[in-house]
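*Asks:* next comes the sequence, and after it the predicted model I'd like to discuss.
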Amino acid sequence: MIGGPVREISMPHSLSTPVHSELLIRKSRFIACVQPVADRAAAQQVVAALWRAHPDASHVCWALMAGGQSAAVDDGEPSGTAGRPMLEVLRHQDLEGVLATVVRYYGGVKLGAGGLVRAYTDAVAQALAGAERVPIVARRAVACIVPYALEGLLRRELAQAGAEDIEVAHAAEVRFSFALPADAVVAFRSRVQDAAQGRVVWSDAG
């Protein structure tokens, strides 16, 4: 089977742009940001940039939901009082591909575990209150094999359909793998099969 089985990835909502908010709680500043990110590597770059921008901060805590991965980082706060509450906010709001960060400047007054949980939760929730959510289209991975004579036809159909993640391998025939919106796959296959007069071999089960 070329390209493996059909994979359908259904993601709820992400955010259109970064949104910031700030809370002042008993002299501590909590500077929150929620933003779209692709993966953990991108999230770590954002966190590193925050440390460069706030070298005197006490903590840079963060939470991530992206690409099936999650993270909850307390960054020196008592375990479970920062990253985990932030992550729960993202989960409860059904978000994916989103990074939440909170930069804390300690104000000299301890908040206690419960106070910290509320502070980090409220900081992220306040930022999300001003964020624009965007639906993430469920995509489906598809693969097929065509004769060389049909390579151009398939490339044109893929471009017209807005296919992504296109990979092409040339061997005895031409092997394509790509991703389409899940609800467009059946019509795409039917259209291509008609245009190719049945000479496309679909190598997935979808």
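*Replies:* Arrived safely. Keep in mind that this is a model prediction, so the values were computed, not measured.
*Asks:* so residue 192 is in which element?
*Replies:* Per DSSP states H and E: residue 192 is located in helix 185-195.
*Asks:* mind giving me the packing neighbours of that helix?
*Replies:* For helix 185-195, the packing partners by 3 or more C-beta pairs under 8 Å, 6 or more residues apart in numbering; DSSP states H and E come out as strand 139-146, helix 151-161. C-betas here are computed from N, CA, C, even on glycine.
*Asks:* give the pairing partners of the next helix-or-strand element following the longest one; include direction for each.
*Replies:* Note on helix 151-161: by DSSP H and E, the next helix or strand toward the C-terminus is strand 164-170. Using DSSP bridges, the strands paired with strand 164-170 in its sheet are strand 174-181 (antiparallel).
*Asks:* could you pull out the buried residues of the strand it pairs with?
*Replies:* Within strand 174-181, the residues scored as buried using 16 or more other C-beta atoms under 10 Å are 174, 175, 176, 177, 178, 179, 180.
*Asks:* kindly reformat those residues as a markdown table containing distance to residue 138 and pLDDT.
*Replies:* Output for the buried residues of strand 174-181, formatted as a markdown table (distance: C-beta to C-beta, whole Å; pLDDT from 0 to 100):
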| residue | distance to residue 138 | pLDDT |
| --- | --- | --- |
| 174 | 27 | 94 |
| 175 | 24 | 94 |
| 176 | 20 | 94 |
| 177 | 18 | 92 |
| 178 | 15 | 91 |
| 179 | 10 | 87 |
| 180 | 10 | 84 |
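*Asks:* how is this structure partitioned into domains?
*Replies:* Structurally, the chain divides into domains by automatic domain parsing as follows: 17-131, 137-202.
*Asks:* most neighbours per residue, which of those?
*Replies:* Counting by mean count of other C-beta atoms under 10 Å, domain 17-131 has the highest mean neighbour count of those, with a mean of 18.
*Asks:* list phi and psi for residue 173.
*Replies:* phi -130, psi -180 (degrees, to the nearest 10).
*Asks:* equivalent analysis for residue 80, please.
*Replies:* Here the main-chain torsion angles of residue 80 (degrees, to the nearest 10) amount to phi 80, psi 0.
*Asks:* do the same with residue 75
*Replies:* Backbone torsions of residue 75, given as degrees, to the nearest 10, read phi 50, psi 50.
*Asks:* that one against residue 57, yeah?
*Replies:* No: checked against C-beta atoms under 8 Å, the pair residue 75 and residue 57 is beyond contact range at 9.4 Å.
*Asks:* which residue ranges of the protein form helices?
*Replies:* For the chain, the helices defined by DSSP state H cover 40-53, 83-92, 112-129, 151-161, 185-195.
*Asks:* brilliant, that's me finished.
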